[in-house]
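Enquirer: kindly return the folded structure for what I paste below:
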Amino acid sequence: MMLYPVRRMFALTALLLALALVVAACEDDGATDDAAEDAVADDTEEVADPDGAWHEERSIVFADYNWDSAILLNRIAQFIVEEGYGYETDTIPGETIPLFQGQLDGDIDVSMEIWVDQMPPYQPALDDGSVVELGNSVDDTVQGWWIPTYMIEGDEERGIEPMTPDLRHVEDLPDYWEYFQDPEDSEKGRLYDGVAGWEAERINEAKFAYYELDEYYNRFLPGSGAALDTSLLTAYEQGEPWLGYMWTPTWIAGQLDITLLEEPEYTDECWAEIADAVDEGRTPETACAWPITEAVIAANSAFAEEAPDIVAFLEQFSTNETHISEALSYMAENDVGPDEAAHWFLEEYEDLWSDWVPEDVADRVRDAINNQ
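Expert: Residues are numbered from 1 along each chain as shown. Reported below is the predicted structural model:
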């Protein structure tokens, strides 16, 4: 009576053992297949994409320099990169020199608006191959010391009489300091300078010393680019005098009528002397007007090698002072941020940006604009 159950038990055990062996063999085969697939995947990642697409599992990082036009240019480029090419982007905000150092270190991939004459580390980095220059983002930028045009010409509609009709040149400024009286020092005028940390502020300091204006004026350093803009806008709305550093493109240039004061004509020799004086902390032996320059796009060289499709796009990217000033004016007049201003730019200037990219990329960007 007991033999049958025992034989049955042994048979069942043998069957279970056989099944276990089969399962183990299958699992080994599966593991081998998975390992083979992983190896293929690893090999695939090392093979360059035939289209040269960006492969890294991270965002493409843009330098958010602390002025409006640079941030706007970033948002325009980011929208195209994200919607047209399908890559993630990110930004790091900050001041000029620290952010450019971040680009040299590889933490930042792209700078959309580098003013070469105000970025001392740029040329050495370009020479040693740390960065590559991809072209101009904005043509014909202008900077210097400006006053509202109504100070020279008046404004009949607003009932403003000319205040300083003969003020045309920086060398005339000593004769007019009282019009720009410093509210914190009634014995001197006030010149609104660039923000501390900007290379422009250091250049202005050198020029200010050469023109011997310290006897008549104080340099006032606003806490931010926005504060500088606000100082001009407030004076302009009230029809009051204002003297200070400004540049184009800005929303101010697109919205207000301001006049650039003349300086001695720019020369390479003069500008080199100013640059040396700034570096050495001394008064320059001469001074002159700022050069009319282009704002350039630069990429970290390692990134440029890894993302030729984005490099090709950025090499075609080009605007002018009018385009950007109008977009910044739109941002100011409608109280919107740079993302919305970039969207406006892409709608307004489709004929411009669509030439920067292949047609399939342009189609995806158009679809994204229409769906927002």
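Enquirer: what residues sit buried inside stretch 205-225?
Expert: By neighbour count on 16 or more other C-beta atoms under 10 Å, the buried set for stretch 205-225 is 205-211, 213, 216-222, 225. (Each C-beta comes from the backbone N, C-alpha and C, glycine too.)
Enquirer: show me the shaky parts of this structure.
Expert: Along the chain, segments meeting pLDDT under 70 span 1-56, 254.
Enquirer: who's in contact with the residue positioned nearest the centre of it?
Expert: Nearest residue to the geometric centre of the chain (C-alpha atoms, centre = their mean): residue 70, 3.2 Å. Counting by C-beta atoms under 8 Å, 6 or more residues apart in numbering, residue 70 touches 63-64, 112-113.
Enquirer: widest-spaced pair of those residues?
Expert: Within the contacts of residue 70, 64 and 113 form the most distant pair, 10.4 Å apart (C-beta to C-beta).
Enquirer: between those two, which is the more surrounded one?
Expert: residue 113 (23 against 20; other C-beta atoms under 10 Å).
Enquirer: give the helix, strand or coil label for the more buried one.
Expert: Assigned with DSSP: H, G, I helix; E, B strand; the rest coil, residue 113 falls in the strand class.
Enquirer: same check on residue 90?
Expert: Residue 90 is classified as strand under three-state DSSP.
Enquirer: which residues does it bridge with?
Expert: Under DSSP bridges, the beta-bridge partners of residue 90 are residue 61.
Enquirer: you'd agree it is up against residue 74?
Expert: No: counting by C-beta atoms under 8 Å, residue 90 stays clear of residue 74, with 10.3 Å between them.
Enquirer: between the two, which contacts overlap?
Expert: In contact with both residue 90 and residue 74: residue 62, using C-beta under 8 Å, 6+ apart.
Enquirer: the stretch 201-350 of the chain: strands as residue ranges?
Expert: Using DSSP state E, counting those that start in this stretch, the strands of the stretch 201-350 of the chain run over residues 217-220, 244-248, 258-260, 293-300, 319-320.
Enquirer: need the ones you listed in TSV (columns: distance to residue 141).
Expert: Below are those laid out as TSV (distance: least, C-beta to C-beta, whole Å):
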stretch	distance to residue 141
strand 217-220	22
strand 244-248	6
strand 258-260	12
strand 293-300	6
strand 319-320	9
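Enquirer: now the angle from the host helix or strand of residue 134 to strand 293-300?
Expert: According to DSSP states H and E, residue 134 maps onto strand 131-148. Put simply, strand 131-148 runs at 150 degrees to strand 293-300, going by axes from the mean of the first three to the mean of the last three C-alpha atoms, to 10 degrees.
Enquirer: before we move on, the earlier item: the residue nearest to the centre of the chain and residue 249: what is the separation?
Expert: Distance, residue 70 to residue 249, by C-beta to C-beta, to the nearest Å: 10 Å.
Enquirer: do the same with residue 321
Expert: From residue 321 to residue 249 the distance is 5 Å (C-beta to C-beta).
Enquirer: go on, residue 346?
Expert: From residue 346 to residue 249 the distance is 17 Å (C-beta to C-beta).
Enquirer: which one's more surrounded, those two?
Expert: The neighbour count for residue 346 versus residue 249, taken as other C-beta under 10 Å, is higher for residue 249 (29 against 23).
Enquirer: next, count neighbours for the nearest residue to the more buried one once chain neighbours are set aside.
Expert: For residue 249, ignoring the flanking residues on the chain, the nearest one in space by C-beta to C-beta, 6 or more residues apart in numbering is residue 324 at 3.7 Å. Close neighbours of residue 324, defined as other C-beta under 10 Å, add up to 29.
Enquirer: cool, and residue 293?
Expert: So residue 293, with other C-beta under 10 Å, has 17 neighbours.
Enquirer: what residues are up against the nearest residue to it once chain neighbours are set aside?
Expert: Excluding the flanking residues, the one nearest residue 293 by C-beta to C-beta, 6+ apart is residue 141, at 5.5 Å. Residue 141 is in contact with 115, 247-249, 292-295, 321, counting by C-beta under 8 Å, 6+ apart.
Enquirer: what about 6 Å?
Expert: Residue 141 makes contacts with 248, 293, 295, as judged by C-beta atoms under 6 Å, 6 or more residues apart in numbering.
Enquirer: ok, residue 301 next?
Expert: Contacts of residue 301 by C-beta under 6 Å, 6+ apart are 129-132.
Enquirer: thinking again about what came up before, which one among the contacts of residue 70 gets closest to residue 307?
Expert: Distances from residue 307 to these, taken by C-beta to C-beta, are shortest for residue 112, at 14.8 Å.
Enquirer: ok, the spatially closest residue to that closest one that is not a sequence neighbour - contacts?
Expert: Among residues not flanking residue 112 along the chain, residue 73 sits closest, at 4.0 Å (C-beta to C-beta, 6+ apart). Residue 73 sits next to 112-113, 137 when contact means C-beta under 6 Å, 6+ apart.
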